[in-house]
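J.: sequence? don't have it. structure:
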């Protein structure tokens, strides 16, 4: 069978952990039917590691993937982005005109802009894999002022991307609902929800009944996107309930900063384990956590977020406590009964959440249910098949 040709444009580097887990994980599974050319933007430090670059080239080649790495430019921000966009425009034009692209798959906004502009001439359709609500994220981060001329221009461009894409992929249903409510004409657009994926083969479900009652979390927590005060109040409350309780944070964030906060909440050093972890060791390093705490800041921009760490906890059979307003997280917790939803960071909410968690621990099917939720929602295999269905709806297979 002659493989259909897909040009994949990514502003995320394939050498980054995210590139491997959220791009190559899908495309390797689709390479049996599609011939991919990947144009990705690599950070200079990553690209300087020659051995890793060569190893990735060989891995891509084993799947028949043609990887065309470019160097990512960061400063000055506007000029750097315009330069990278020009590189994308040239690559999209070259591969489209040479017949090496029957479809352009764009990961995020900048690649989609290139595909939109070049597609006006080549007529090659594109998928807008938007990943998140980028404009709202920039507004929340203070990098864009809502209602400014720049915002209005970008918002108009976003509308055009959403309208003219052959298909739009969102990380969450919450983001789709928001976009369609804001832009009613998008109700006719083809949307699919494909969340961040987890390689479930690396995670083994364990029996939480026999594990210690250790609360914990993982990933970046020292940022504007995580409620550290909620986290430490929860640990403090659990410690008061159970003097033998211990806690764990798996992160690359500053251990000193976290321990200083712990002291403020009266948590003894001996009670709190803080370790960093390589991606391949995550499963082992969270294995002794009995419940994961996922306290992310809510807001419009977070409607498009799908925390990968939730999928990793569930894949191990570990329930979670999470808050509303973050993508589909609360809906998933309630739909699959894999944890507790917290309404806010008040003492009464945390008390109620921990009490509900104690009840949930008594359910002998809890770990199995967590794993089933991960397989249904976060599986790379499931995500790849959703992409395959999208591709087939756009490219004719004679």
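T.: Perfect, I can see it now. These numbers come from a predicted model, not from an experiment.
J.: buried set for the lowest-mean-pLDDT helix or strand in the chain?
T.: When the helices and strands of the chain are scored by mean pLDDT, DSSP states H and E, helix 17-19 comes last with a mean of 82. Within helix 17-19, the residues that count as buried by 16 or more other C-beta atoms under 10 Å are residue 19. From N, CA and C alone the C-beta is placed, and that goes for glycine too.
J.: what's the answer for stretch 44-56, then?
T.: In stretch 44-56, counting by 16+ other C-beta under 10 Å, buried: 46, 47, 53, 56.
J.: before we move on, what about stretch 93-108?
T.: Buried, per 16+ other C-beta under 10 Å, within stretch 93-108: 93, 94, 95, 96, 101, 102, 103, 104, 105, 106, 107, 108.
J.: which ones are touching the third one?
T.: If I follow you right, that is residue 95. 7, 37, 39, 101 (C-beta atoms under 8 Å, 6 or more residues apart in numbering).
J.: Roughly how far does it sit from residue 394?
T.: According to C-beta to C-beta, to the nearest Å, residue 95 stands 17 Å off from residue 394.
J.: Please report which of the contacts of residue 95 has the highest neighbour count.
T.: Comparing these on neighbour count, residue 101 comes out first with 30 neighbours (neighbours: other C-beta atoms under 10 Å).
J.: what pLDDT does that residue get?
T.: Residue 101 is assigned 94 on the pLDDT scale.
J.: wait, isn't it in contact with residue 9?
T.: No. With contact defined as C-beta atoms under 8 Å, residue 101 does not count as touching residue 9 (9.8 Å).
J.: Next, show the common contact partners of the two.
T.: With C-beta under 8 Å, 6+ apart, residue 101 and residue 9 have common neighbours residue 92.
J.: Count the residues that sit near residue 76.
T.: 10.
J.: residues touching it, list them.
T.: Taking C-beta under 8 Å, 6+ apart, one finds nothing in contact with residue 76.
J.: ok, back up a step: same list, the buried residues of stretch 44-56, but as TSV with distance to residue 214 please.
T.: Shown next, in TSV, are the buried residues of stretch 44-56 (distance: C-beta to C-beta, whole Å):
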residue	distance to residue 214
46	34
47	39
53	39
56	36
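J.: Go through those and say which is closest to residue 238.
T.: residue 46 (39.2 Å; C-beta to C-beta).
J.: Just give the nearest non-adjacent residue to that closest one, would you?
T.: residue 15 (4.1 Å; C-beta to C-beta, 6 or more residues apart in numbering).
J.: tell me which element the one you found is part of?
T.: Under the criterion DSSP states H and E, no helix or strand holds residue 15.
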